[in-house]
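In: Kindly return the folded structure for what I paste below:
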Amino acid sequence: MSIERNTNLGNINVSKEAIASLAGGIVSECYGVVGMASQKVFQDGIAELLKKENYSKGVIVRKGEHGLILDLFIIVSFGVRISEVVSEVQKKVKYSLEKSLDQDFESINVFVQGVRVMD
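Out: Below is the predicted model of the structure:
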């Protein structure tokens, strides 16, 4: 599943991995977010913090009835209001992706996988 556009100059295909990497980059710039987390939490309850090149592993892109659905897995900083951070992540990701990809997003679901104290 990808975004496909047909223009008079040719075809454009944006893969779901590219969408996921773009979303991960946007999320990492949000206030209160330490980074993207792996979708899978280890058995001891610790989430893996992903490096820049692996952001797409912290994002699931699905097709919904009225657009795409994103599931974002993040780690937030200790001492911030989690509900505010999540709300801002949803707004920023939805706005940025809709503007850059010209595609509707049905929902942006954010899953907080952990809280980290930053040095």
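In: Going by C-alpha atoms from here, please, whenever you check contacts or count neighbours.
Out: Noted.
In: Note down every partner strand of the strand or helix carrying residue 73 and its orientation.
Out: Assigned by DSSP states H and E, residue 73 belongs to strand 68-77. With DSSP bridges as the test, strand 68-77 is paired with strand 33-36 (antiparallel), strand 59-63 (antiparallel), strand 105-116 (parallel).
In: which residues are in contact with the first one?
Out: Looking back up the chat, that one is strand 33-36. Counting by CA atoms under 8 Å, 6 or more residues apart in numbering, strand 33-36 makes contact with 24, 27-28, 49-51, 55, 58, 72-77, 85, 116, 118, all of which sit outside it.
In: circling back: after the strand holding residue 73, next one along is what?
Out: Next helix or strand after strand 68-77 toward the C-terminus (DSSP H and E): helix 82-101.
In: what does that next one contact?
Out: So helix 82-101 is contacted by 22-23, 26-27, 30-33, 76, 103-105, 108-110 (CA under 8 Å, 6+ apart).
In: low-scoring stretches of this structure, by residue?
Out: 1, 40-49, 52-53, 119 (pLDDT under 70).
In: let's see 50
Out: Where the chain drops to pLDDT under 50, the residues are 43-44.
In: right, and the secondary structure at residue 31 would be what?
Out: coil (DSSP: H, G, I helix; E, B strand; the rest coil).
In: so how many other residues sit close to it?
Out: Residue 31 sits with 15 neighbouring residues when counted by other CA atoms under 10 Å.
In: Can you report phi and psi for it?
Out: phi -60, psi 140 (degrees, to the nearest 10).
In: Begin at 11, not 1, for the rest of this chat.
Out: Sure, I'll start counting at 11 from here, so that last one is residue 41.
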